[in-house]
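Participant: When you get a sec, could you give me coordinates for this:
(chains A and B)
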Amino acid sequence: MGIEFSEGLLLVSGGTLLFSTFALVHFASTYNRHNRSLAILSTILIGSIGMYVVTITTGHSTLTSMEVAMVSAIIGILELLPIVVVSVTMTLFRISLLTSRSVDASS
Amino acid sequence: MVGDEWLIWTSLLIIVVGYSFHRMGPPFERSRFGFPLMLLGLTCLVLLPEELADMESDLHSSILRSVALMIPLSIGTTQILRYSPNYGDARTPGLASGWLFVAISWYILYSEKSVISLSGITSGLLVLSGALVSLVAIIIGTFLLERSTVLKHESEPLSNEEEELVRAILERHMRGDEHGN
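Facilitator: Residues are numbered from 1 along each chain as shown, chains lettered A, B, ... in the order given. Below is the predicted model of the structure:
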């Protein structure tokens, strides 16, 4: 039932890898002539560390390890959706049923 | 990868690219393609993959469950915000339809009881902590790099005409119009 250390490490480094991949794709997609693109260096660095840890943890090739880590990370994030549903519902309940004050442009 | 695994990863990539385009905002031409790209990626992700390996099959079914949960929740949230007394014209039928959609998402959530588990939530929190570590590292790295970068050129001072223009604009805003507004 519990999560082993290696599995936990895979999930944490998968999260690191997922976020740095997202950031790299974001930087590439939003590139424009005003960009100074300094953040890309630290993104590549942290992504490389994540990939190294994932490869060591799984013991597979780099591509397979990356695949395993990314799949685990995405599934892990989707597991949190019930919490999102609960918190959104509570906020909507407060907004629509418990408050009747209208918010005008100056407030 | 021998089946449709590439389709899953390509669709996810298209969604992220579409999101990035969308976030660039109206000053950039490519922002117009953001939402259509996200929709295209989501459609490909949900409809096209058929032959998948074990890992991607789990990922695909997990994504399908999440999409089925999030679509009614998003519609309901939009409806409730539009028709709630705080943010729009309060209309009971609109609010009721919004709550109906939220109730549908709760029904979907409860119909799959295996979705909620302590180990699942722990996994999610571990992934989030990894993403947070990455975010903090990127912020610190960017901060250090920007601090160590010297400015190449200092801006030229304003010309007389520009000074006049700025003064006129400021005076107009500080005095207000002839009605005192």
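Participant: Could you list the low-pLDDT ranges of chain B?
Facilitator: B:1-3, B:87-90, B:113-115, B:150-152, B:176-181 (pLDDT under 70).
Participant: ok, which stretches of chain A are helices?
Facilitator: A:5-29, A:39-58, A:62-78, A:81-93 (DSSP state H).
Participant: Rounded mean pLDDT for the second one, please.
Facilitator: So that's helix A:39-58. Across helix A:39-58, pLDDT averages out at 87.
Participant: thinking again about what came up before, a markdown table for the helices of chain A, including mean neighbour count and distance to chain B?
Facilitator: (Glycine included, C-beta is placed from N, CA and C.) Formatted as a markdown table, the helices of chain A follow (neighbours: other Cβ atoms under 10 Å in any protein chain shown; distance: least, Cβ to the nearest Cβ, whole Å):
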| stretch | mean neighbour count | distance to chain B |
| --- | --- | --- |
| helix A:5-29 | 21 | 2 |
| helix A:39-58 | 19 | 2 |
| helix A:62-78 | 21 | 4 |
| helix A:81-93 | 16 | 5 |
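Participant: who wins for proximity to B:L13 among those helices?
Facilitator: B:L13 sits nearest to helix A:5-29 of all these, at 6.6 Å, using Cβ to Cβ.
Participant: tell me the angle the closest one makes with helix A:62-78.
Facilitator: 90 degrees (axes from the mean of the first three to the mean of the last three Cα atoms, to 10 degrees).
Participant: Tell me the helices and strands packed up against helix A:5-29.
Facilitator: Applying 3 or more Cβ pairs under 8 Å, 6 or more residues apart in numbering or on different chains; DSSP states H and E, one finds that helix A:5-29 contacts helix A:39-58, helix A:62-78, helix B:5-23, helix B:118-148.
Participant: Could you break chain B into its assigned domains?
Facilitator: B:1-50, B:53-115 (automatic domain parsing).
Participant: any idea where the helices of chain B begin and end?
Facilitator: So, for chain B - with DSSP H - the helices run B:5-23, B:34-47, B:54-83, B:92-111, B:118-148, B:160-175.
Participant: Quick one: closest of the helices and strands packed on helix A:5-29 to B:G94.
Facilitator: Judged by Cβ to Cβ, the one of the helices and strands packed on helix A:5-29 that comes nearest to B:G94 is helix B:5-23, at 26.4 Å.
Participant: in the closest one, what's buried?
Facilitator: Of the residues in helix B:5-23, B:5, B:7-9, B:11-12, B:14-22 count as buried by neighbour count, 16 or more other Cβ atoms under 10 Å in any protein chain shown.
Participant: show me which of these neighbour chain A.
Facilitator: For chain A, the contacts drawn from the buried residues of helix B:5-23 by Cβ under 8 Å from any Cβ of the partner chain are B:12, B:16-17, B:19-21.
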